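Asks: heads up, no residue letters with this:
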């Protein structure tokens, strides 16, 4: 789970850094910059979906295997 959080933060910060670099220095044309931002956004969302799915699966297994609901 720590890896998912670390990669999510990395994608988010990288998107912000790319935006600031483009704002100040304009190293890429607008089409390439948009493609880079969309790619980082997609990777961030994929990472978020994987993290959420793993968390929900762990919670589901804990509820199915545990006997707390039977008390």
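Replies: That came through, no problem. Note that the structure is predicted; figures quoted are calculated from it, not measured.
Asks: what ranges of the protein fall below the confidence cut-off?
Replies: 68-71 (pLDDT under 70).
Asks: tell me the centre residue of it?
Replies: The centre of the chain sits closest to residue 44, judged by Cα atoms, centre = their mean, with a distance of 3.1 Å.
Asks: Quick check: chain neighbours aside, which residue is closest to that one?
Replies: residue 11 (4.1 Å; Cβ to Cβ, 6 or more residues apart in numbering). (Each C-beta comes from the backbone N, C-alpha and C, glycine too.)
Asks: what about the one you found, neighbour count?
Replies: Applying other Cβ atoms under 10 Å, we find 20 other residues in the vicinity of residue 11.
Asks: unless I'm mixing things up, the residue nearest to the centre of the chain is touching residue 16, no?
Replies: No - using Cβ atoms under 8 Å, residue 44 makes no contact with residue 16, being 11.2 Å away.
Asks: quick one: buried residues of the longest helix that the chain contains?
Replies: Determined from DSSP state H, the single longest helix within the chain is helix 30-65. Under the neighbour-count criterion of 16 or more other Cβ atoms under 10 Å, helix 30-65 has 33, 36, 40, 43, 44, 47, 51 buried.
Asks: wait, the residue nearest to residue 44 sits on residue 45?
Replies: No - counting by Cβ under 8 Å, residue 45 is not a contact partner of residue 11; they are 9.1 Å apart.
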